[in-house]
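Student: Could you look at this predicted model? Sequence included:
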Amino acid sequence: MPATGHPHWFFRTADFVRLQSIAIEIICCFLLLTLDTSLSSLHWILLCGLFVAIVYQTLKVFRYSSLYPRKKPNFPSGGMFSIFAANVLQTNSSYGKLIDIINEFDPDIVLTMEANKDWETALKEIESTYPYSEKVPLENFYGMLLYSKQKLHNVTSKFQIEDDVPSIFFEYEIEPNTNVFFACLHPAPPSPTENETSKERDAELMLTGKMIRELDMPTVVCGDMNDVVWSRTTRLFKKMTNMIDPRIGRGFFPTYHAGYRFMRFPLDHLFHTKDLYVKEMMRSRNFDSDHFGMYYEIHHRRNKSTTTSGSITSEEKGDVDTLIKNGIS
């Protein structure tokens, strides 16, 4: 269904449940082989179909499992910083639990999503440690609060696609004369209760990608993308920006839904340019949100240059422009 390219939430939902569908398909194979030993032609057709489906789904997600071989990041560090990002769930009032997690990780940057005025008031407790901030508290489940231990440069809050869905952009100095550009995103998902299609979400990711392609500096994109890393849109974003997903070879790190173990999806992401590397990556414990938080320790690779303009075909460039146009219209 996602291969059709149709943006309606009904078609895109199948992208989210690939891990769950693999488990169900394996169970179906087992049941076919054990419950009826007199295998008919129909049984063999069903088994072959299930086998093809399992292989197809596995090829989509295998890169993001801990079984996939990866080069461990063991490069000379030219400076480091850390970030903790979490969708806090606007209606969640377990403020102290999140603050305890922030204090334990002790990151340089804290990003919270779905934060409203109540969360802004509660998080005043951390402002002695994080005196620099950019705040866009909203009551529509798309508020965003950003805190930092050191001064942020060129900070802007933008409503790129939808008038009530903000993004925060800034630069963070990791060593003298070296800044990292940050894009913090939380686009609305395609769902029966949110946007009917993925047009707005896809457009925000593509618009951010086009902006990053014009940069010539280390870059990090972070947030609750409301998309899985193996979707076509996210893969196109990584290709056009030449960015790396630190999940590859480490594991899925499913962050939503924190309350249901079987129905969890990796929706909270961080991507970075090749002159950066993630040394540590950890999922937080539950703090009564529907998401887990994510902690990243990011290092700058000394003497490593990179480009944020990845190689894409003319057809893919057309796809990017079409996705942006469809999301804005």
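Tutor: Here it is on my side, so go on.

Student: just checking, what's the longest strand in this protein?
Tutor: When the chain is parsed with DSSP state E, its longest strand is strand 77-87.

Student: Return the set of buried residues in the helix or strand following that strand.
Tutor: Where DSSP states H and E defines the elements, the next helix or strand beyond strand 77-87 is helix 95-105. Within helix 95-105, the residues scored as buried using 16 or more other Cβ atoms under 10 Å are 95, 97-99, 101-102, 105. Every C-beta, even on glycine, is put in place using the N, C-alpha and C of the backbone.

Student: Any stretches of the stretch 1-150 of the chain with poor pLDDT?
Tutor: 7, 9 (pLDDT under 70).

Student: so who does the spatially most central residue of the chain touch?
Tutor: Central residue of the chain (Cα atoms, centre = their mean): His269, 2.1 Å from the mean position. By Cβ atoms under 8 Å, 6 or more residues apart in numbering, His269 lies in contact with 221-223, 225, 227, 229, 234, 245, 247.

Student: did I read that right, it in a strand?
Tutor: Yes - assessed with DSSP: H, G, I helix; E, B strand; the rest coil, His269 lies in a strand.

Student: ok, now how distant is it from Met225?
Tutor: 5 Å (Cβ to Cβ, to the nearest Å).

Student: Give me the common contacts of the two.
Tutor: Thr234.

Student: quick one on the thing from earlier: okay, the angle between the longest strand of the chain and helix 95-105?
Tutor: 170 degrees (axes from the mean of the first three to the mean of the last three Cα atoms, to 10 degrees).

Student: Could you list the low-pLDDT ranges of the stretch 151-300 of the chain?
Tutor: Those would be 192-193, if you go by pLDDT under 70 across the stretch 151-300 of the chain.

Student: In it, what residue spans correspond to strands?
Tutor: 153-158, 167-175, 178-185, 219-224, 268-272, 276-283, 294-301 (DSSP state E, counting those that start in this stretch).

Student: How about the contacts made by Tyr296?
Tutor: Contacts of Tyr296 (Cβ under 8 Å, 6+ apart): 82-85, 222, 246, 270, 278, 280-281.

Student: Brilliant, that's me finished.
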